[in-house]
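Q: Here is a sequence with its predicted model. Questions after.
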Amino acid sequence: MNPILPKNYFIADVEARVMPDGRLYMYGSYDLRGFRTYCSYKYHVFSTDDPTMTNWVDHGLAFENTEENPSIPWKPNELLYAPDAIYKDGKYYLYICGEGDYEAVAVSDKPYGPFKDVKPIVGADGDGIDPAVFIDDDGQAYYFWGQFSLRGAKLMDDMCTLEPGSIVHGILTEHEHGFHEGSSIRKINGKYYLVYTDISRGRPTCMSYAMADSPLGPYKRCGVIVDNTYCDPFTWNDHGSLCEYNGQWYVFYHRSSQGNDKNRRVCVEPITINADGTINEVCMTSQGPAGPINAFEPIEAACACRMRGKVHNINEDPDKDPCKEILADCGGGNFKDDWAEYKYIDFGDGVSSCKLNARGKGVIELRVDGSDDVIGSVEIDGEDGFNEYTMNITKETKGVHALWVFFKGRGMALDSFYFEK
């Protein structure tokens, strides 16, 4: 289920890699609850061997750049932005960037670190953010970096020096490709794919891709893979990667949460590589790679994949339970604009009622697949706390559907819900 990590983790900008041990690893920036800026001063690495990506291991602190432990000697105690990682010749290389436009690499004998022996990327350090690294079939390594205009070059064997004369400017640009930041490169069926944060729909909420016949281009813009619009009222950017795992390609991306643009979380959707190499745009889902959600078991309302109006997920008491969230600010008086969406729910052979744990005063309606047909409605009146309400389902609903929860009222909140046969 999305997000794929427990809700106390705010991991963004994820590069997903299957390493030689066969496990799937995630390398990303590390947002902190309540922190007033993107990212933090540390990285954690996560891995799984679960085909559904349900169970993950937090390998702990992989790298930090704090005042107490300034691992970037020439940029001590500066924030760590989006990373990337690669394996070569028995070593794991973690590529780092951050506040102050530094570009660096650290090394470990293990895919999860700790990563040490930090060196600047000679030729790129001080010139931008968001590193992306790629090793081609012939063993040649490439490095990409930049914001608004992407640069790329060959990496020398030391994995920290750009080959003189190999730098290409403007591989992707904001004007031609909608390139904002966050490049990631993969090779699929002989073609090179640059995935990037795309601002062409007005805000950098899209992850799009461009294709080429060689690593350094030229690249042709092809389309959007996923757009995280409506994941939160204050969402701003999106950033992630592609990865093949157990024979299936996936897009890893992030969504904002808790009513701000900083607390970002990693989500995953399966994608299809078409015969001509193109990738169809996929929608955000609540189910993620694990498949449809069982309607007959409690569903956390906060797992909504899209929300409209002021609706957002929030933890009202993180000290008590850092993973407990609800949907809050539900219902702002405009019935058409206040909703939460869940893709997808498996209603089995049919349902007769829905039990909702809700708070506030107003009306909750359920619809499926975005239609105007209401399958059930219930009035709630409990502004002092959460109570369980029973909604009769008045229209036959079975099989797998997108569920839309509409709110009419003010000060409403939804904790969880489930259906009965």
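A: Ah, there it is.

Q: For the residue positioned nearest the centre of the chain, give the beta-bridge partners.
A: In the chain, the centroid-proximal residue (C-alpha atoms, centre = their mean) is residue 254; its distance is 1.8 Å. Note on residue 254: beta-bridge partners by DSSP bridges are residue 266.

Q: contacting residues for it?
A: 11-14, 28, 228, 238-240, 264-267 (C-beta atoms under 8 Å, 6 or more residues apart in numbering). (Each C-beta comes from the backbone N, C-alpha and C, glycine too.)

Q: Quick one, grab the pLDDT at it.
A: Looking at residue 254, its pLDDT is 98.

Q: So which of the contacts of residue 254 is surrounded by the most neighbours?
A: residue 264 (33 neighbours; other C-beta atoms under 10 Å).

Q: With adjacent residues omitted, what lies nearest to that residue?
A: Nearest residue to residue 264, sequence neighbours excluded (C-beta to C-beta, 6 or more residues apart in numbering): residue 12, at 3.7 Å.

Q: can you tell me which residues contact residue 173?
A: Contacts of residue 173 (C-beta under 8 Å, 6+ apart): 148, 149, 150, 179.

Q: quick one: the first one and residue 179 touch, right?
A: Yes - using C-beta atoms under 8 Å, residue 148 and residue 179 qualify as a contacting pair, with a distance of 6.8 Å.

Q: if I pick residue 99, what's in contact with it?
A: 75, 78, 79, 81.

Q: ok, it to residue 149 distance?
A: 20 Å (C-beta to C-beta, to the nearest Å).

Q: I'd say residue 349 and residue 397 touch.
A: No - at 10.3 Å, residue 349 does not count as touching residue 397 under the criterion of C-beta under 8 Å.

Q: which of those two has more neighbours?
A: Shown here are residue 349 and residue 397; by other C-beta under 10 Å, residue 397 has more neighbours (23 against 7).

Q: Return the member of the contacts of residue 254 nearest to residue 156.
A: Nearest to residue 156, judged by C-beta to C-beta, of the contacts of residue 254 is residue 13 at 25.8 Å.

Q: pull the CA atoms of whichever strand or helix holds that closest one into PDB?
A: Element membership of residue 13 [criterion: DSSP states H and E] is strand 10-18. Extracted C-alpha coordinates of strand 10-18, given in PDB (Å, rounded to 0.1, in the frame of the first residue of the first chain):
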ATOM      1  CA  PHE A  10       9.400  10.800   5.100                       C
ATOM      2  CA  ILE A  11      11.600   9.600   2.200                       C
ATOM      3  CA  ALA A  12      11.700  11.600  -1.000                       C
ATOM      4  CA  ASP A  13      13.700  11.700  -4.300                       C
ATOM      5  CA  VAL A  14      14.100   8.000  -4.300                       C
ATOM      6  CA  GLU A  15      16.500   6.100  -6.500                       C
ATOM      7  CA  ALA A  16      15.600   2.400  -6.500                       C
ATOM      8  CA  ARG A  17      18.300  -0.100  -7.400                       C
ATOM      9  CA  VAL A  18      18.400  -3.900  -7.400                       C
END
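
Q: pretty sure residue 339 contacts residue 327?
A: No - here residue 339 does not reach residue 327: they are 10.4 Å apart, not a contact under C-beta under 8 Å.

Q: Please enumerate the shared neighbours of these two.
A: Common contact partners of residue 339 and residue 327 (C-beta under 8 Å, 6+ apart): 307, 311.

Q: any idea of the mean pLDDT in stretch 96-106?
A: For stretch 96-106, mean pLDDT rounds to 96.

Q: in that stretch, what's buried?
A: The neighbour-count check on stretch 96-106 (16 or more other C-beta atoms under 10 Å) flags 96, 97, 98, 99, 101, 102, 103, 104, 105, 106 as buried.

Q: Could you work out the end-to-end span of that stretch for me?
A: 8 Å (C-alpha to C-alpha, to the nearest Å).

Q: Between residue 148 and residue 179, which has more neighbouring residues?
A: Between residue 148 and residue 179, counting by other C-beta under 10 Å, residue 179 is the more crowded of the two (29 against 13).

Q: Please verify my assumption that that one contacts residue 144.
A: No - Residue 179 is beyond contact range of residue 144, at 11.0 Å (criterion: C-beta under 8 Å).

Q: got the residue ranges for the helices in the chain?
A: For the chain, applying DSSP state H gives helices covering 174-177.

Q: and it, what are its domains?
A: 10-290, 293-420 (automatic domain parsing).

Q: okay if I get those as a markdown table plus distance to residue 1?
A: Listed next are these as a markdown table, based on distance: least, C-beta to C-beta, whole Å:
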| stretch | distance to residue 1 |
| --- | --- |
| domain 10-290 | 5 |
| domain 293-420 | 6 |
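
Q: Check these for me: which has the lowest mean pLDDT.
A: domain 293-420 (a mean of 94).

Q: from memory residue 141 sits against residue 154, does it?
A: Yes - using C-beta under 8 Å, residue 141 is in contact with residue 154, at 7.1 Å.

Q: Cool, thanks, talk later.
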